[in-house]
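Student: Sharing a sequence plus its predicted fold:
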There are 2 protein chains.
Amino acid sequence: MRVNYKKELEEAARNMILVHKPNTLIRMILRTIVRKVKIEHAGILLYEKSRNSFIVTVTRGQVGTKLPAGFIRLDPYAPIIRFFRQKEYRGLFDGRALIMSRINYLLSKKEMFRDDPETEKLLIAIKFQMRSFDAVVSVPCYYQDDLLGVLMLGDKVSKKSYKEEEIDFFIALANDVAMALRNAFLFEDLQLEIERNKRMFFETTMALAAAIDAKDHYTRGHTSRVTEYTLAIARLIASEANEKSDGKFFEDLHIASMLHDIGKIGVPEMILNKNGPLTDEERKKINEHSLIGAMILGPIKNLDDVILGVKHHHERHDGKGYPEGLSGEVIPYIARIISVADSFDAMTTDRPYRKAFTRDYAIIELERCSGTQFHPQVVRAAVTLYKRGELK
Amino acid sequence: MRVNYKKELEEAARNMILVHKPNTLIRMILRTIVRKVKIEHAGILLYEKSRNSFIVTVTRGQVGTKLPAGFIRLDPYAPIIRFFRQKEYRGLFDGRALIMSRINYLLSKKEMFRDDPETEKLLIAIKFQMRSFDAVVSVPCYYQDDLLGVLMLGDKVSKKSYKEEEIDFFIALANDVAMALRNAFLFEDLQLEIERNKRMFFETTMALAAAIDAKDHYTRGHTSRVTEYTLAIARLIASEANEKSDGKFFEDLHIASMLHDIGKIGVPEMILNKNGPLTDEERKKINEHSLIGAMILGPIKNLDDVILGVKHHHERHDGKGYPEGLSGEVIPYIARIISVADSFDAMTTDRPYRKAFTRDYAIIELERCSGTQFHPQVVRAAVTLYKRGELK
């Protein structure tokens, strides 16, 4: 039989490029091997970093032992893995494929191992391990010098031995597998780094915001609660409008919520914590916090919408808010949401001059001020959430 | 001539996988085309997002017009680009390749365009454009429906016309090019996102740290200067030790420097800004800032080394510092560096109780306290930088 793998390789090339889905490629490759070369079964062990093991990931074929995927794993000390990983052994199999008939041939040459009983023992162990996989050929998938996987191939359906060109075919495919895997790992690493960086950004920003919160004795925990409320409100509004969730918007809302009171760092502690009614001058000083917050964040790139949210979270729907007296839809959407969440939390926590109101009362207040202080749509969402018990 | 492209495609598959270097693949593909099919010259136009244009990127071949790479660009309204981008035209060339002989054939059928003079005009314009490239075949590189590039192929050296199977070969390769490009774009996007996130993290953290700085009237700009000093000192030490620069260490040092005084948020303003000598009680309160800083950052994942830097930046080499009285090499390296940079900046700026010292004097002080307050290696680096005029 002549292996016509031009077409298969071409197809592999097409699929391989979907690097973030290496399993698609690997499945296709195993299917191709099993069908074209007519093998009883084929499987692949893939290296998994997190478990530092080689796991049987994909198997194909009906005849003979078909290994269940996902259950069998080899640790780095398993004979086959040690053999493929150690460069000194590559001479024994030309760094290509381990073939059962070749192993048997080597083991029959007792004199070869007179001074090297360790290698003989290893080959015997490999023979047993290959048998446990019902494999007669196993092909390493290297990327540069890293062993990323091992192809395990059963007998041909015809029970004939494998030809040189068929082995070449397997080796070419094993190479493709290795490169697809390596690419997928690269992608995965980049994606993990993105996740890690984002988490660090959010956690650090939250920690600093909470520290600034703590200066104002009466708002402890305020920032994290407001952030929770705004995100819940925005999610509800988006789901009711059947909108696709816009990642950038939610990220901006999240950051703006965490930073909405950051400007309080610029207000004297004495005023923030004053235990009595504020003078007009003091009130004015406190009201500056939204502008100060916007100024602090001003130099940061890509934070334009966040800054607008921080700057305008004390505007009112009727235009009587500060700092610019914007009204209605002119008030940035992020600011409208923070405004409602901020007021709800302010009402339901103790203040220097009064005890906390009940949540029921706060909700009634939000509804009363809907259309004057607050944007009606946002109030509606907050009320819905409260009734569902989701505004904890 | 029979195109044997099994081998070439196999090689392409290998190279294609190096997705972050699509030009390597593209160069190889063009070389293969020019050599195997014996073409006078071949070039490729690649889409460049940032310029919203198709640029002649790689050219191969000696005979005939060889276009200079990098200079020629087509905007999205160029006839060939419009033609390949608009689905309605795909019927005219089976969505595959534009061949000069086919264009001439179509244009000879005047009756075809009786009701469609626009298409006729476009084809004439394309003919001229292909001639300006000295091309007789041009092949679009699509990924899904996006046009990512255009292959431009000159005449065969034999001047014979192209065979169907040769055109098929070009189309297969154009497909590979498109997928390699698309993968490279994906990688690039991820890498850009990582850059963007990192920048946002550093800028936001710096803005918040600077805001906290501003509370302490005497330390305005302190954080950014200390950050500059620490990074310069660490770079010098690493370069003198001929060490490979460790990204994680420099990132941690950078973050720790920005956040080293973050705990001052927990010290009453009255004490921070006191205009006179501090009582023991007040001094104790101020000294708490390194511990408070470590506590604020405590919940953040992956910040362990940063937290140690913040916590211990007031330890002394002789063990007489705070909060834990650590000494010598037991003091975390990051903290040792911040300690020197912090003191240098403190000495060279005004304080509530004294005017700024000169930089010369501050350097003498660092040297005097080397081995008692400061780690000698760090002082040496600071002195070297100062003498080079790099401790601005």
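Tutor: All right, it came through fine.

Student: Counting neighbours, what do you get for A:Ser343?
Tutor: A:Ser343 has 21 neighbouring residues, counting by other C-beta atoms under 10 Å in any protein chain shown. (Glycine included, C-beta is placed from N, CA and C.)

Student: List the residues that contact it.
Tutor: Contacts for A:Ser343 were tallied using C-beta atoms under 8 Å, 6 or more residues apart in numbering or on different chains; they are A:Glu365, A:Leu366, A:Cys369, A:Gln373, A:Phe374.

Student: Show me the shaky parts of the stretch 1-150 of chain A.
Tutor: A:1-21, A:25, A:62-70, A:95 (pLDDT under 70).

Student: Can you name the residues that contact A:Ile81?
Tutor: A:Ile81 neighbours (C-beta under 8 Å, 6+ apart): A:Phe54, A:Leu74, A:Asp75, A:Leu147, A:Val150.

Student: in what helix or strand does it lie?
Tutor: Assigned by DSSP states H and E, A:Ile81 falls within helix A:79-85.

Student: Return the distance of the helix or strand following that helix from the chain's centre.
Tutor: Downstream of helix A:79-85, the first helix or strand assigned by DSSP H and E is strand A:98-99. A distance of 38 Å separates the centroid of the chain from that of strand A:98-99, by C-alpha atoms, centre = their mean, to the nearest Å.

Student: which other helices and strands contact strand A:98-99?
Tutor: helix A:79-85, strand A:137-143 (3 or more C-beta pairs under 8 Å, 6 or more residues apart in numbering or on different chains; DSSP states H and E).

Student: winner for burial among those?
Tutor: strand A:137-143 (a mean of 24; mean count of other C-beta atoms under 10 Å in any protein chain shown).

Student: list the helices and strands it packs on?
Tutor: Against strand A:137-143 (3+ C-beta pairs under 8 Å, 6+ apart) you get strand A:98-99, strand A:146-153, helix A:164-215.

Student: I'd like those laid out as CSV, including mean neighbour count and distance to B:Pro323.
Tutor: Shown next, in CSV, are the helices and strands packed on strand A:137-143 (neighbours: other C-beta atoms under 10 Å in any protein chain shown; distance: least, C-beta to C-beta, whole Å):
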stretch, mean neighbour count, distance to B:Pro323
strand A:98-99, 22, 60
strand A:146-153, 23, 45
helix A:164-215, 19, 18
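
Student: Please dump these into TSV; it should also carry distance to B:Ile26 for every row.
Tutor: Shown next, in TSV, are those (distance: least, C-beta to C-beta, whole Å):
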stretch	distance to B:Ile26
strand A:98-99	37
strand A:146-153	26
helix A:164-215	17
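
Student: rank the ones you listed by pLDDT, which is bottom?
Tutor: The weakest mean pLDDT among the helices and strands packed on strand A:137-143 belongs to helix A:164-215, with a mean of 84.

Student: With only the CA atoms kept, save the helix holding A:Ile81 in CSV.
Tutor: The C-alpha coordinates for helix A:79-85 follow below in CSV (Å, rounded to 0.1, in the frame of the first residue of the first chain):
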residue,chain,number,x,y,z
PRO,A,79,10.1,4.0,30.9
ILE,A,80,8.8,5.3,27.6
ILE,A,81,8.9,8.9,28.7
ARG,A,82,12.4,8.5,30.2
PHE,A,83,13.6,6.9,27.0
PHE,A,84,12.3,9.6,24.8
ARG,A,85,13.5,12.4,27.0
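
Student: what's the offset of that helix from the middle of its chain?
Tutor: 32 Å.

Student: give me the element A:Gln377 is part of.
Tutor: Applying DSSP H and E, one finds A:Gln377 within helix A:376-387.

Student: Other residues contacting that helix?
Tutor: By C-beta under 8 Å, 6+ apart, helix A:376-387 touches A:229, A:232-233, A:236-237, A:240, A:317, A:336-337, A:339-341, A:344, A:359, A:363, A:366-367, A:369-370, A:391.

Student: what about burial for those, which qualify?
Tutor: With burial judged by 16 or more other C-beta atoms under 10 Å in any protein chain shown, the buried subset of the contacts of helix A:376-387 is A:229, A:232-233, A:236-237, A:317, A:336-337, A:339-341, A:344, A:363, A:366, A:369-370, A:391.

Student: Please name the nearest non-neighbouring residue to A:Ala214.
Tutor: A:Arg220 (6.1 Å; C-beta to C-beta, 6 or more residues apart in numbering or on different chains).

Student: Isn't the one you found up against A:Ile212?
Tutor: No: at 11.2 Å, A:Arg220 does not count as touching A:Ile212 under the criterion of C-beta atoms under 8 Å.

Student: ok, the residue nearest to A:Ala214 to A:Thr230 distance?
Tutor: The spacing between A:Arg220 and A:Thr230, counted by C-beta to C-beta, to the nearest Å, is 18 Å.

Student: Sitting in strands, which of the contacts of A:Ser343 do you find?
Tutor: Among these, none falls in strands (DSSP state E).

Student: Please convert these to TSV, extending it with pLDDT.
Tutor: Below are these laid out as TSV (pLDDT from 0 to 100):
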residue	pLDDT
A:Glu365	96
A:Leu366	97
A:Cys369	97
A:Gln373	97
A:Phe374	98
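
Student: export the residues you listed to a markdown table and tack on distance to B:Val306?
Tutor: A markdown table is the format used below for the contacts of A:Ser343 (distance: C-beta to C-beta, whole Å):
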| residue | distance to B:Val306 |
| --- | --- |
| A:Glu365 | 43 |
| A:Leu366 | 41 |
| A:Cys369 | 43 |
| A:Gln373 | 42 |
| A:Phe374 | 40 |
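
Student: Just those: which are in helices?
Tutor: Among those, DSSP state H puts A:Glu365, A:Leu366 in helices.

Student: Looking at the contacts of A:Ser343, which one is closest to B:Phe250?
Tutor: A:Phe374 (46.8 Å; C-beta to C-beta).

Student: wait, doesn't that closest one sit right on A:Glu365?
Tutor: No: between A:Phe374 and A:Glu365 there is no contact under C-beta under 8 Å: 9.7 Å.

Student: Quick check: A:Ser370 vs A:Gly293, distance?
Tutor: 26 Å.

Student: try A:Gly221
Tutor: Relative to A:Gly293, and taking C-beta to C-beta, A:Gly221 is found at 19 Å.

Student: quick one, helices of the stretch 201-350 of chain A?
Tutor: Remark: helices assigned in the stretch 201-350 of chain A by DSSP state H, counting those that start in this stretch are A:222-240, A:247-259, A:269-272, A:280-287, A:289-297, A:304-311, A:333-347.

Student: Quick one, which of the ones you listed gets closest to A:Pro79.
Tutor: Of the helices of the stretch 201-350 of chain A, nearest to A:Pro79 by C-beta to C-beta is helix A:247-259, at 47.7 Å.

Student: the inter-axis angle of the closest one versus helix A:289-297?
Tutor: Counting by axes from the mean of the first three to the mean of the last three C-alpha atoms, to 10 degrees, helix A:247-259 points 120 degrees away from the direction of helix A:289-297.

Student: Mind giving me the packing neighbours of helix A:247-259?
Tutor: Counting by 3+ C-beta pairs under 8 Å, 6+ apart, helix A:247-259 packs on helix A:164-215, helix A:222-240, helix A:304-311, helix A:333-347.

Student: CA-only coordinates of stretch A:169-188 in PDB, if you can.
Tutor: Extracted as PDB, the C-alpha positions of stretch A:169-188 are listed here (Å, rounded to 0.1, in the frame of the first residue of the first chain):
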ATOM      1  CA  PHE A 169       4.400   9.400   7.700                       C
ATOM      2  CA  PHE A 170       3.800   8.900  11.400                       C
ATOM      3  CA  ILE A 171       6.900  10.900  12.200                       C
ATOM      4  CA  ALA A 172       5.800  13.800  10.000                       C
ATOM      5  CA  LEU A 173       2.500  13.800  11.700                       C
ATOM      6  CA  ALA A 174       4.000  13.600  15.200                       C
ATOM      7  CA  ASN A 175       6.000  16.600  14.300                       C
ATOM      8  CA  ASP A 176       2.900  18.500  13.300                       C
ATOM      9  CA  VAL A 177       1.200  17.500  16.500                       C
ATOM     10  CA  ALA A 178       4.200  18.800  18.500                       C
ATOM     11  CA  MET A 179       4.100  22.200  16.700                       C
ATOM     12  CA  ALA A 180       0.400  22.600  17.000                       C
ATOM     13  CA  LEU A 181       0.700  21.800  20.700                       C
ATOM     14  CA  ARG A 182       3.500  24.200  21.200                       C
ATOM     15  CA  ASN A 183       1.600  26.900  19.500                       C
ATOM     16  CA  ALA A 184      -1.500  26.100  21.600                       C
ATOM     17  CA  PHE A 185       0.700  26.300  24.800                       C
ATOM     18  CA  LEU A 186       2.000  29.700  23.600                       C
ATOM     19  CA  PHE A 187      -1.500  31.000  23.200                       C
ATOM     20  CA  GLU A 188      -2.600  29.500  26.500                       C
END
